[in-house]
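# Just a sequence and a predicted model for now, questions to come.
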Amino acid sequence: MFIVLVFVIIIYPTVSKTDEIAALILARGGSKGVYLKNLQTVGGVSLLARTVHTARAAGLVDVTVSTDHPLIALEALKCGAHIFHRSKVTSSNVAPSIWGSLEFLDKNPGVRTLILLQATSPFTRASQIRLAVDAIKTNRFDCVFSVTRTFHLRWKENKKFVSPINFDLQFRPRRQSWRGELVETGAFYVARRSLLEAGYFQNHNCTVVEMSRLESLEIDSYWDLKLANVLSNSNLV
């Protein structure tokens with residue numbers, strides 16, 4: 001184990017890129033709900049490796065894993081990804097993803113568009129990432145992100161009562177006559193550098209790529225991990 005750790009530290013570089021589009025996977029080692037979550041396996045393959053392989057299948061050559069943990073770095077190297085040394089500040093429990101993204105962009109001035117991929121979304125398809133990249137390349141949008149469609153009727157708690165949020169009580173929608181709502185999945189965000197440097201992943205000039213409910217599963221607990229393995233083995237996604 002000592003030899004492995006020394007090896008990782010020696011080849012743990014800061015990546016300097018000149019490519020216009022880069023894919024980034026933020027994979028810190030301090031996940032709380034599931035220990036070293038990014039290294040957990042679905043279908044016998046680690047979540048990190050699945051994401052790198054999907055990015056490659058989508059035609060993304062420039063794929064970087066930003067991490068603070070040597071074992072995650074080693075897994076990324078096995079997959080052929082670049083490594084970016086993530087700081088303690090951006091890998092803390094309170095750090096939002098925008099911090100990690102800006103840290104990477106600061107060291108890579110040639111990147112004009114960033115594709116942020118979430119390793120904990122194991123069923124993201126390469127075709128969905130390609131759709132997002134194609135949409136951003138049209139220059140019509142500043143950002144593209146993944147969503148799923150839900151048909152839940154939502155309610156808001158007040159002090160004494162509850163009230164509907166997304167429907168009228170007198171005109172309760174039928175599923176077959178309602179397009180539902182779009183909910184972020186967090187699987188991927190594609191954004192222009194100028195937008196990210198303003199501190200945002202999204203603005204009012206965005207479009208979306210829709211995923212199915214099963215594809216949008218996010219690993220946040222051991223139960224999610226078990227469900228993902230069941231779905232993987234059943235070939236439902």
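Structure received.
# how much space is there between residue 86 and residue 25?
11 Å (CB to CB, to the nearest Å). C-beta: built from backbone N, CA, C; applies to glycine.
# I meant residue 219, not that one.
In terms of CB to CB, residue 219 sits 14 Å off from residue 25.
# okay, the nearest residue to residue 52 once chain neighbours are set aside: pLDDT?
Spatial nearest neighbour of residue 52, chain neighbours left out: residue 79 (4.0 Å); criterion: CB to CB, 6 or more residues apart in numbering. With respect to pLDDT, residue 79 scores 95.
# same question, residue 197
98.
# With residue 3 instead?
pLDDT at residue 3 comes out at 42.
# Residue 174 too?
88.
# Now it: phi and psi?
Recorded main-chain torsions at residue 174 are phi -90, psi 140, according to degrees, to the nearest 10.
# What about it, how many residues nearby?
8 (other CB atoms under 10 Å).
# now do residue 125
Neighbours around residue 125, by other CB under 10 Å: 17.
# Kindly provide the distance from it to residue 44.
Distance from residue 125 to residue 44, by CB to CB: 19 Å.
# and what of residue 204?
Following CB to CB, the distance that separates residue 204 from residue 44 is 42 Å.
# These two - which one has more neighbours?
residue 44 (9 against 6).
# By residue count, which strand of the chain is the longest?
Criterion DSSP state E: the longest strand present in the chain is strand 181-192.
# Name the residues of that strand that are buried.
Under the neighbour-count criterion of 16 or more other CB atoms under 10 Å, strand 181-192 has 185-192 buried.
# same deal with stretch 153-170?
Per 16+ other CB under 10 Å, stretch 153-170 contains no buried residues.
# Using PDB, write down the CA coordinates of it.
Extracted in PDB, the C-alpha atoms of stretch 153-170 (Å, rounded to 0.1, in the frame of the first residue of the first chain):
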ATOM      1  CA  LEU A 153     -48.500  16.900  -7.600                       C
ATOM      2  CA  ARG A 154     -46.600  19.000  -5.000                       C
ATOM      3  CA  TRP A 155     -47.800  20.600  -1.800                       C
ATOM      4  CA  LYS A 156     -46.300  23.300   0.400                       C
ATOM      5  CA  GLU A 157     -46.500  23.300   4.200                       C
ATOM      6  CA  ASN A 158     -47.900  26.400   5.900                       C
ATOM      7  CA  LYS A 159     -48.300  26.900   9.700                       C
ATOM      8  CA  LYS A 160     -51.600  25.100   9.900                       C
ATOM      9  CA  PHE A 161     -52.500  23.900   6.400                       C
ATOM     10  CA  VAL A 162     -51.000  22.600   3.200                       C
ATOM     11  CA  SER A 163     -51.500  24.200  -0.200                       C
ATOM     12  CA  PRO A 164     -50.800  23.000  -3.800                       C
ATOM     13  CA  ILE A 165     -47.700  24.300  -5.500                       C
ATOM     14  CA  ASN A 166     -47.900  23.200  -9.100                       C
ATOM     15  CA  PHE A 167     -51.700  22.700  -9.700                       C
ATOM     16  CA  ASP A 168     -55.100  24.300  -9.100                       C
ATOM     17  CA  LEU A 169     -57.400  22.400  -6.800                       C
ATOM     18  CA  GLN A 170     -60.300  23.200  -9.000                       C
END
